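Chemist: just coords:
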């Protein structure tokens, strides 16, 4: 049997990048999976490529909205009968600007995509999990939730806030067989990073996107970008992690100084 045999998982932002890697890993370990994305056509294409058959389903919607974050949870329960694993994964750098130049609208976008999205999906998932006294909540945070970088204040602030939310929720449901943990990736060269990286590099005062990749690589102990977030997700989603909760688990190749 796989590590997640008989489990049902939902993953916001699950059709590409880190979320897709999680979905593929969960499928290999025997789970039934619901993934979310904005574009229905791209979502169905992703499902076909992942090859999960009847064990994977797609839920279309913008993961920066409450409707989508609550909807994916309800859809997973309706489709597969329960929800065991909620991966609050959607997010990323949407706006790049110094604090002095960031508009209210840009700030609000970062809050909705990176913080409110986690709260909405976590809250709904817990409402299903608490009566059953079992479940796993797994949040994709970032090493920037403990550090800081210029030019991305919204992303950094929301990831700090997400880490606090994880700690609080873990304390609330720790006696109910429900764990709440966060993965803190370092820079991973996903398609989203490739899209936003040039602007981020410029805001960090770096000459190029390639220079940003080199900087993050050199900051790590392995002198390379990390690629193993999905493996860590499987571990935290499995029964082996029943006593691990409130963790802010760095998946960064040794970048974090503490």
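Modeler: Okay, I see it. In this text the structure is predicted, and so the values were computed from the model without any measurement.
Chemist: just give me how far the longest strand anywhere in the chain sits from the chain centre.
Modeler: For the chain, the strand reaching the highest residue count under DSSP state E is reported as strand 178-185. In terms of CA atoms, centre = their mean, to the nearest Å, the gap separating the centre of strand 178-185 from the centre of its chain is 9 Å.
Chemist: give the next helix or strand downstream of it.
Modeler: Following strand 178-185 in sequence order, the next helix or strand is helix 191-203 (DSSP states H and E).
Chemist: ok, and what's touching that next one?
Modeler: With contacts defined as CB atoms under 8 Å, 6 or more residues apart in numbering, helix 191-203 is touched by 16-17, 92-94, 96-98, 150-152, 187, 207-209, 211-213. All C-beta atoms are positioned from the backbone trio N, CA, C, and that covers glycine.
Chemist: quick revisit: the longest strand of the chain pairs with which strands, and in what direction?
Modeler: The pairing partners recorded for strand 178-185 under DSSP bridges are strand 135-140 (parallel), strand 248-251 (parallel).
Chemist: ok, back up a step: among the contacts of helix 191-203, which are in helices?
Modeler: Among the contacts of helix 191-203, DSSP state H puts 17, 209, 211-213 in helices.
Chemist: just the closest of those residues to residue 239, please.
Modeler: Using CB to CB, residue 17 is the member of the ones in helices among the contacts of helix 191-203 that sits closest to residue 239, with 26.8 Å.
Chemist: neighbours of the closest one, how many?
Modeler: The local packing count at residue 17 equals 21, with neighbours defined by other CB atoms under 10 Å.
Chemist: who's in contact with the residue nearest to the spatial centre of the chain?
Modeler: Central residue of the chain (CA atoms, centre = their mean): residue 89, 2.1 Å from the mean position. Listed by CB under 8 Å, 6+ apart, the contact partners of residue 89 are 11-14, 18-19, 22, 138-140.
Chemist: got a pLDDT number for it?
Modeler: The score at residue 89 is 95. That number is its pLDDT.
Chemist: got it, and residue 68?
Modeler: As predicted, residue 68 sits at a pLDDT of 97.
Chemist: quick check, it in contact with residue 61.
Modeler: Yes: proximity of residue 68 to residue 61 meets the contact threshold set by CB atoms under 8 Å, at 3.2 Å.
Chemist: so residue 185 makes contact with residue 253?
Modeler: No: the pair residue 185 and residue 253 does not pass the contact test of CB under 8 Å, sitting 9.7 Å apart.
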